[in-house]
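S.K.: below are the sequence and a predicted model; questions follow.
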Amino acid sequence: MKKNKTRLDNMTAYTMLIPIVVLLTIFVVIPFVYALYVSFYDWSFYQESQFVGWKNFSNVLSDPLFMKAIVTGLKFALFVVPAQMILAFLFAHVIRSMGTKLSGFVKTSIYIPTIISGIVASIIFVFIFDYNAGLANVIVNLFGVENQAWLADVKTALGSMALPAIWLGFGITTLIMLAGLLDIPESYYEAANLEGAGSWTKMIHITIPLLKNVVLFLLITGFTGAIQQFELSLVMTGGGPLDETTTPNLYIFNHFRNDVLVGHSIASALLLFVVLGSISAIIFKVLNSEKAVDG
């Protein structure tokens, strides 16, 4: 009887998995395999394909602009992710201490930017960073600083582009961090209070270790998402000045738009996939997720 029930449960589980497996196969596995196939060809919509082996990958790796785009994506992620994580951690603590009604209002408010299109946010911040009448220059003028060409200066363009990215992802990051904080049993803090532990000690020895899995998730999704940023770079700077804000996805898009043969673009996308996988593996290794503590 028990074996029959187990078999029935397994069949139910497999049956419920079939739709997602079919969708993943159609929209992920098959396109990935076909992209891998195309990357070895001079493939075009307008002429017969020719097998070229590793030529496309060699051309991408020898293109200094591709390597610069990867470095730009990493720099952009370093601008965005740590700032987002620290702000979310602090703000989640503030929300946790609020009353139910007020916290509900605040959580709804900070989530709103998450549902705003990246294109819309880009246009908003283009106006904010406008040289002649932008809010950013109005603010710095109050401190006696002259107008800055925020999006046209090599020194400030990438940092300026990072601000809307932080704003767009801040809400969802805070809510995930808050969920992790609320999942920590209060008994741990009560025991620490009995031992005379201060706020800093409790944060170092209780809060942060018990948030390890949450931090791992946010770091991986944050870094991979930031490196793949596309809309902000396209709309705000077009990849300039001097390709300083050309992210990997913008690099791929520009080649796909301008090249007759798409093998270069496909090879670039696959190499970016390798980069993102490597970064994720490094984060897993550094945080040692197998030993992460669950509350």
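M.R.: Received it, and whenever you're ready, just let me know what you need. Numbering: from 1, shown residues only.

S.K.: what about Lys202, neighbour count?
M.R.: Per other C-beta atoms under 10 Å, the neighbour tally for Lys202 reads 16. Heads up, the C-betas are built off the backbone N, CA and C, glycines and all.

S.K.: distance of it relative to Tyr189?
M.R.: Distance, Lys202 to Tyr189, using C-beta to C-beta, to the nearest Å: 6 Å.

S.K.: next one: Phe217
M.R.: 23 Å.

S.K.: ok, now Ser97?
M.R.: 13 Å.

S.K.: those two: which is more packed in?
M.R.: Tyr189 (15 against 7).

S.K.: show me what the host helix or strand of the more buried one is packed up against.
M.R.: Counting by DSSP states H and E, the element that carries Tyr189 is helix 186-194. The elements that helix 186-194 packs onto, with contact taken as 3 or more C-beta pairs under 8 Å, 6 or more residues apart in numbering; DSSP states H and E, are helix 199-202.

S.K.: give me the contacts around the helix it packs on.
M.R.: Helix 199-202 is contacted from outside by Tyr189, Ala192, using C-beta atoms under 8 Å, 6 or more residues apart in numbering.

S.K.: I'd like the distance from it to the chain centre, please.
M.R.: For helix 199-202, the separation from the chain centroid amounts to 30 Å (computed by C-alpha atoms, centre = their mean, to the nearest Å).

S.K.: cool, stretch 64-84 as well?
M.R.: For stretch 64-84, the separation from the chain centroid amounts to 11 Å (computed by C-alpha atoms, centre = their mean).

S.K.: averaged pLDDT, it. What do you get?
M.R.: Taken as a whole, stretch 64-84 has a mean pLDDT of 94.

S.K.: over to stretch 278-290?
M.R.: For stretch 278-290, mean pLDDT rounds to 81.

S.K.: buried stuff in it?
M.R.: Ile279, Ser280, Ile283, Leu287 (16 or more other C-beta atoms under 10 Å).

S.K.: grab the nearest non-local neighbour of the residue sitting nearest the centre point of the chain.
M.R.: Central residue of the chain (C-alpha atoms, centre = their mean): Gly225, 2.1 Å from the mean position. What sits nearest to Gly225 in space, not counting adjacent residues and going by C-beta to C-beta, 6 or more residues apart in numbering, is Gly169, at 7.4 Å.

S.K.: again, but for Glu244
M.R.: That would be Val154: by C-beta to C-beta, 6+ apart, it lies 5.1 Å from Glu244.

S.K.: how about that neighbour, what does it touch?
M.R.: Counted by C-beta under 8 Å, 6+ apart, Val154 has contacts Pro241, Leu242, Glu244.

S.K.: so which of those residues is the closest to Pro31?
M.R.: Glu244 (31.7 Å; C-beta to C-beta).

S.K.: check which helix or strand that closest one maps to.
M.R.: Glu244 belongs to no helix or strand, assigned by DSSP H and E.

S.K.: start the count at 38, not 1, going forward
M.R.: I'll keep to 38 as the first residue from here, and by that count the last item is Glu281.
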